[in-house]
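> Model the following, please.
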Amino acid sequence: MSYVVLITNTGETFACGGEENVLAAMECLRRQGIPVGCRNGGCGVCKVEVLDGRFTKRKMSRAVVTAEEEARGCVLACKVYPQSDLRINVVGKMVRAIETQGKTSFVLGFTATTADSQPDTET
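Next comes the predicted model:
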């Protein structure tokens, strides 16, 4: 099943299946509304606030998403899997770049050293 993700900062929408994380779906469709960093839950660049919708999440570093932020709906797009349509707002480290430059590419120079086809366990 595919769901629609709306990024409120840019008005951009894209489809995301429940088995794919939001960040990966966005990149696969060549969309750029969410900044991209390490893609593994540790850098916090892709931090978003889920305003509406249901989702599951995977393990995220507490150094970048505190328990209080998570309780308010802040999560990392690389660790969120939709279970319904989602409306999100980018709140991560690069949010000002989105607001001032519009739809700009945010790929930082991170390189993955291993490929893991299985998502890590939920927390």
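> phi, psi of the residue positioned nearest the centre of the chain?
Geometric centre of the chain, nearest residue: Ala77, 1.4 Å, by CA atoms, centre = their mean. Backbone torsions for Ala77, taken as degrees, to the nearest 10, come to phi -60, psi -30.
> That one reaches Glu20, doesn't it?
No - using CB atoms under 8 Å as the test, Ala77 is too far from Glu20 to be in contact (11.3 Å). Where C-beta positions appear, they are placed from N, C-alpha and C, glycine not excepted.
> hang on, the earlier thing: tell me who's in contact with the residue nearest to the centre of the chain.
Ala77 makes contact with Asn21, Val22, Leu23, Met26, Ile34, Cys46, Lys47, Val48, Ile88, according to CB atoms under 8 Å, 6 or more residues apart in numbering.
> can you map out the strands along the chain?
2-7, 12-17, 47-52, 55-57, 74-76, 80-82, 86-90 (DSSP state E).
> want to try CSV for those, with distance to Cys38 as columns?
Converted to CSV, those look like this (distance: least, CB to CB, whole Å):
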stretch, distance to Cys38
strand 2-7, 20
strand 12-17, 19
strand 47-52, 12
strand 55-57, 16
strand 74-76, 10
strand 80-82, 15
strand 86-90, 16
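> Please identify the deepest-packed of those.
Mean neighbour counts were compared across the strands of the chain using mean count of other CB atoms under 10 Å; the top stretch is strand 74-76, at a mean of 25.
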